[in-house]
Structures are given as C-alpha cells and as structure tokens.
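# sequence and computational prediction follow.
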Amino acid sequence: MKLGLQFGYWYASPPADANVELAQEAEKLGYDSIWTAESWGNDAFTPLAWLGAHTSKIKLGTAIAQLSARTPTACAMAALALDHLSHGRMILGLGVSGPQVVEGWYGQPFAKPLARTREYVDIIRQVMRREAPVANAGEHYPLPYVGPGSTGMGKPLRSITHPLRADLPIYLGAEGPKNVTQTVEIADGWLPVYYSPFRQEVYADQLKGMKPGFEICPLVQVNIDDDLETALIPVKMTLAFYIGGMGSKEKNFHKDLMCRMGFEAEANKIQELFFEGKREEAMAMVPTQFADEISLCGSKARIKDRLQAWEDSPVTTMLVMGNGGLDMVRTMAELAL
C-alpha cells in the first residue's frame, strides 16, 4: 500500500509556505503522491502547480477538482499543462460536489450527476487522445454548442498542444453505489471520502468489475495522541460538519453513506442537531466506532496495529492528512513505508 499526502482546501488564508516543506519531506520519505482540493475558496490546480514546481518526482493529484468549476475542455487544458510542466506526474481527480455548491457557488444545474460525469470524462479523454476534433452530442456539455445564444459558427477543435500522455490517469470521487459502479467502469481510480477496511462489504458489489491497476485512494485522517478520544476530536468535528451541514435534509451524500455503513440513527440525529445550530452536540453524537474505523488515531503503537486492516483491504494508496505536520508525515512513513 502506497502513501499519498492530502492537503485539502484552504480556509481563511493559505497554509504556511503553501505546504512546500511538507511536500518536499513527503517526496524525500517515499510518499507516492500529494493532493490538493477545492471548495468555494482556492482552486485545486494553482496550489498543485506551486507544489509541483518545488518537487521533482512525487505525483501530483487533485482531490478533488469540481466538475462545475470549469468546462471539461478547460479542465483538460489545466491537466494537460500541469502534466507537461511536471514531466508526467499529474493525476486528475474529479468529483461532482453537491447541489449546494454546484448551484449556489457555480450557478450550474446539479441534475443527473452520473450522466454529467460520464460526458465530462469522455470529453477529457478525447482531448488527451487527440485522435480527432473534440465533439460531444450529450445534453450536458454539447460540443460544438448549439442552443440559446448560439451563433451557429462553432466547430469541433483539436488541442493545439499535444498532450504528454494520452492516458493521463483520471480518478473520481464517488459515494453512492451507482456512482462507484460507474467510476469502476470509466475511471482509473476511486477517491472515497470515507472508507472503512472493517466494512468492506459496503462497496464489495460495486468493486467487482475493477480493471487491473485500478487505484483505490481513500482520505484518512491521522491524529497521533495516546488518548484516543482526544485524537478522534478532529475526525468527529469533520464528520459532524459534513454529515450535518454539507447538504440539505433532502440530499446529503455524506449522511447517506453513513447510513449505509450502519449508523443511520446517529446520522439522522447529527443532521437534526446541526440544523438546530447545536454543533457541539452534533459532534458529540458522532459514534466513536465510526470515526475510528475511517481514520488512524491514537498512539503510535495503536496506529501501527490498525494499519494491518488497511493493508488487508483493496486500498492501494492511503491519502493521509492531519494536524501533526512534519511529525505526522514522518511517523506515517516510518509505520507504513
């Protein structure tokens, strides 16, 4: 099992030195990849390009770039450029996000996310293969565009710049069963936001069709502390926010996943408390068992012991993140590599 270092998205301001020191240390220690994210603040590609310019061999991934932030051809251009500049280190991680962000921030419709993802990936693959001018007859990203406001003068185009790799890897963030099934079909890897090696049956049916070389790269929070409950606090805070606030009562993919993983009553209560403004109570409602299964927390010895379950799972790369900075990066390299 390989290690990747997940930096996530920025908060009120960029992280100190834009995470360059951490990226360089991860590269030195043998990490396979580093990853950047976006929400409704920084984009994913700019920090990744900065980190790529300060490293030389570690792979560079977006986890995840949101589909609605840019058209598929614009996304392909960014990935194509970064792949050239990094000498073939780029991994394009994509995801649909959720209706709150898609419609509230990007001003785009969220309907039919699976069909939208399929079209998006197909167009990017066309750009990268550069076998013919790019065209798409689908309803979400028609190329050339013909519709309201169209001049009728659009024509299929082929990228001026020849991609470095026709097979640049595309990974997808997916949570729902249908989305994961489609990811196995059309992508080169899967980026699960929550994965429990102790509940492999949750996604067993969806992963049956995996191609050789298909990557499974879950996000795993790592917090090292001899007191387990203290170590789990950041995990529970994140879960309370995502399950309670990252979506509406009618549509929240994170809550739905927690329900499928066997914690339906708790998920419903967390959402209820969060919407009532009782965030600390919502966090307290997050089951220790659930938070513990999807993370690596506790003493160094405990984390080493629990790594075996991940080694025995289908996971190929663990994307670790946590509050420990260089100490966490070095400890995980010592324990897992």
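Noted; the coordinates are in hand.
# tell me the mean pLDDT for stretch 280-288?
Stretch 280-288 carries an average pLDDT of 94.
# can you tell me what sits against that stretch?
By C-beta atoms under 8 Å, 6 or more residues apart in numbering, the residues outside stretch 280-288 that reach it are 228-229, 232-233, 235-237, 239-240, 243-244, 263, 266, 269-271, 273-274. All C-beta atoms are positioned from the backbone trio N, CA, C, and that covers glycine.
# one more: stretch 133-150?
By C-beta under 8 Å, 6+ apart, the residues outside stretch 133-150 that reach it are 71-73, 112, 115-116, 119-120, 122-123, 126-127, 152, 154-159.
# filter those down to the buried ones, ChimeraX style.
Those of these that meet the burial criterion (16 or more other C-beta atoms under 10 Å) are gathered into one ChimeraX selection, given here:
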select :72,73,116,119,120,123,126,127,159
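# so which of the contacts of stretch 133-150 sit within helices?
72, 73, 115, 116, 119, 120, 122, 123, 126, 127 (DSSP state H).
# which two among those are spaced furthest apart?
By the measure C-beta to C-beta, the ones in helices among the contacts of stretch 133-150 have their two most distant members at 115 and 127, which lie 19.2 Å apart.
# ok so, going back, how about a markdown table for the ones in helices among the contacts of stretch 133-150, with distance to residue 324 and pLDDT added?
Listed next are those as a markdown table, based on distance: C-beta to C-beta, whole Å; pLDDT from 0 to 100:
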| residue | distance to residue 324 | pLDDT |
| --- | --- | --- |
| 72 | 37 | 98 |
| 73 | 40 | 98 |
| 115 | 41 | 98 |
| 116 | 37 | 98 |
| 119 | 40 | 98 |
| 120 | 35 | 98 |
| 122 | 40 | 98 |
| 123 | 40 | 98 |
| 126 | 42 | 98 |
| 127 | 39 | 98 |
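# now distance to residue 217 too, for those, in CSV please.
Below are the ones in helices among the contacts of stretch 133-150 laid out as CSV (distance: C-beta to C-beta, whole Å):
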residue, distance to residue 217
72, 22
73, 26
115, 24
116, 22
119, 24
120, 19
122, 22
123, 23
126, 25
127, 23
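# residue 181: which of these is nearest?
Checking these against residue 181 with C-beta to C-beta, the nearest one is residue 115 at 13.8 Å.
# for that closest one, what are its contacts?
Remark: with contacts taken as C-beta under 8 Å, 6+ apart, residue 115 is in contact with 138, 139, 140.
# between those, identify the one with the most neighbours.
Among those, the one with the most neighbours (other C-beta atoms under 10 Å) is residue 140, at 19 neighbours.
# what secondary structure does that one sit in?
Classification of residue 140 using DSSP: H, G, I helix; E, B strand; the rest coil returns coil.
# and for residue 49?
Of the three states, residue 49 takes helix under three-state DSSP.
# what's the neighbour count on it?
The local packing count at residue 49 equals 17, with neighbours defined by other C-beta under 10 Å.
# lowest confidence element among the helices and strands of this protein?
Within the chain, no helix or strand scores below helix 253-260, which has a mean of 90 by mean pLDDT, DSSP states H and E.
# next, the buried residues of it.
Of the residues in helix 253-260, 253, 254, 255, 256, 257, 258, 259, 260 count as buried by neighbour count, 16+ other C-beta under 10 Å.
# can you name every helix or strand that it contacts?
In terms of contacts (3 or more C-beta pairs under 8 Å, 6 or more residues apart in numbering; DSSP states H and E), helix 253-260 is packed against helix 228-245, helix 264-275.
# tilt between the longest one and helix 264-275?
So that's helix 228-245. Regarding helix 228-245 and helix 264-275, their directions subtend 70 degrees when assessed with axes from the mean of the first three to the mean of the last three C-alpha atoms, to 10 degrees.
# for helix 228-245, output the C-alpha coordinates as PDB.
Output in PDB follows, covering the C-alpha atoms of helix 228-245 (Å, rounded to 0.1, in the frame of the first residue of the first chain):
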ATOM      1  CA  LEU A 228      -7.900   8.000  21.700                       C
ATOM      2  CA  GLU A 229     -10.800  10.300  22.400                       C
ATOM      3  CA  THR A 230      -8.600  13.400  22.100                       C
ATOM      4  CA  ALA A 231      -7.200  12.000  18.800                       C
ATOM      5  CA  LEU A 232     -10.700  11.500  17.400                       C
ATOM      6  CA  ILE A 233     -11.900  15.000  18.100                       C
ATOM      7  CA  PRO A 234     -10.800  16.500  14.700                       C
ATOM      8  CA  VAL A 235     -12.400  13.500  12.900                       C
ATOM      9  CA  LYS A 236     -15.700  13.900  14.700                       C
ATOM     10  CA  MET A 237     -15.700  17.600  14.000                       C
ATOM     11  CA  THR A 238     -15.200  17.000  10.300                       C
ATOM     12  CA  LEU A 239     -17.900  14.300  10.300                       C
ATOM     13  CA  ALA A 240     -20.400  16.500  12.100                       C
ATOM     14  CA  PHE A 241     -19.800  19.300   9.600                       C
ATOM     15  CA  TYR A 242     -20.100  17.100   6.500                       C
ATOM     16  CA  ILE A 243     -23.000  14.900   7.700                       C
ATOM     17  CA  GLY A 244     -24.800  17.800   9.300                       C
ATOM     18  CA  GLY A 245     -24.000  20.800   7.000                       C
END
